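Trainee: A predicted structure for the sequence below; I have some questions about it.
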Amino acid sequence: MEKDLSNYRKSYEKGELLLEQTPENPLELFRNWFNEVDQHFPEDETNAMTISTIGIDGFPKNRVVLLKKFTFEGFIFYTNYLSEKGKAIEHNPNVCLSFFWHGAERQIIIKGKAEKIAANLSDGYFESRPKGSQLGAIASNQSEVIPNRQFLEDKLKALEKEYTSKEIVRPEFWGGYMVKPISIEFWQGRPNRLHDRILYTLEEDLNWDKNRLSP
């Protein structure tokens, strides 16, 4: 099947990003953008982000996960450590995160290194999750081949019965990662494809250098 997409066009006109108006720390700008999108564009799932890893097979792979916390140190998400994603990070902790907020015509691309967070922090987040999500994390051997959907449903039902009156403890194979950024690029769509791009790069003295990039 063939479909010509050459006439798909959109003019980006909702904002601007000027170098002289940006803060010295990119995490401050991230926080400002995140809060603005969260407030003014509720149709966007603000904390949905794409994470790219380099797999053991040498190929990059992207998938969408949910950002659960961000600080001036980095960005935290949770997953199964034994999943394809977890194994890729274990093999190569260099990852890329990206956010695309179409309502605000904004994109952020973050390069950094992923590392496991402290076990007690993963415990605390796991305990805050709904019981169904807790059991779902235990039921799913993420990324492994299963025979059918019913296999998964039966496994969840068995766990629901097992944990009827028993505390659910976070499994060791499930927990959080923090991505500590080394570069953060902010993209604001502009008319005529002359988009604003500001790149922050972490220097050896831990200060941030920032530059405007050509679109």
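Mentor: Cool, the structure landed.

Trainee: helices and strands of the protein: which one has the lowest mean pLDDT?
Mentor: Within the chain, no helix or strand scores below helix 149-162, which has a mean of 90 by mean pLDDT, DSSP states H and E.

Trainee: Would you tell me which strand is longest in this structure?
Mentor: Determined from DSSP state E, the single longest strand within the chain is strand 174-188.

Trainee: What helices and strands are in contact with that one?
Mentor: helix 26-40, strand 75-80, strand 106-116, helix 119-128, strand 196-202 (3 or more CB pairs under 8 Å, 6 or more residues apart in numbering; DSSP states H and E). C-betas here are computed from N, CA, C, even on glycine.

Trainee: which one of these has the most crowded surroundings?
Mentor: By mean neighbour count, with neighbours taken as mean count of other CB atoms under 10 Å, strand 75-80 ranks first of the helices and strands packed on strand 174-188 at a mean of 21.

Trainee: Does anything pack onto the helix or strand just after it? Which helices or strands?
Mentor: Downstream of strand 75-80, the next assigned helix or strand under DSSP states H and E is helix 84-91. On a contact count with 3+ CB pairs under 8 Å, 6+ apart, helix 84-91 meets strand 48-54, strand 60-66, strand 75-80.

Trainee: In contact with Leu199, which residues?
Mentor: Leu199 makes contacts with Ser183, Ile184, Glu185, Phe186, Lys210, Asn211, Arg212, Leu213, as judged by CB atoms under 8 Å, 6 or more residues apart in numbering.

Trainee: swap in Ile89?
Mentor: Contact analysis of Ile89 by CB under 8 Å, 6+ apart lists Thr53, Val95, Ala114, Tyr177.

Trainee: do you know how far it is from Ser165?
Mentor: Distance, Ile89 to Ser165, by CB to CB, to the nearest Å: 36 Å.
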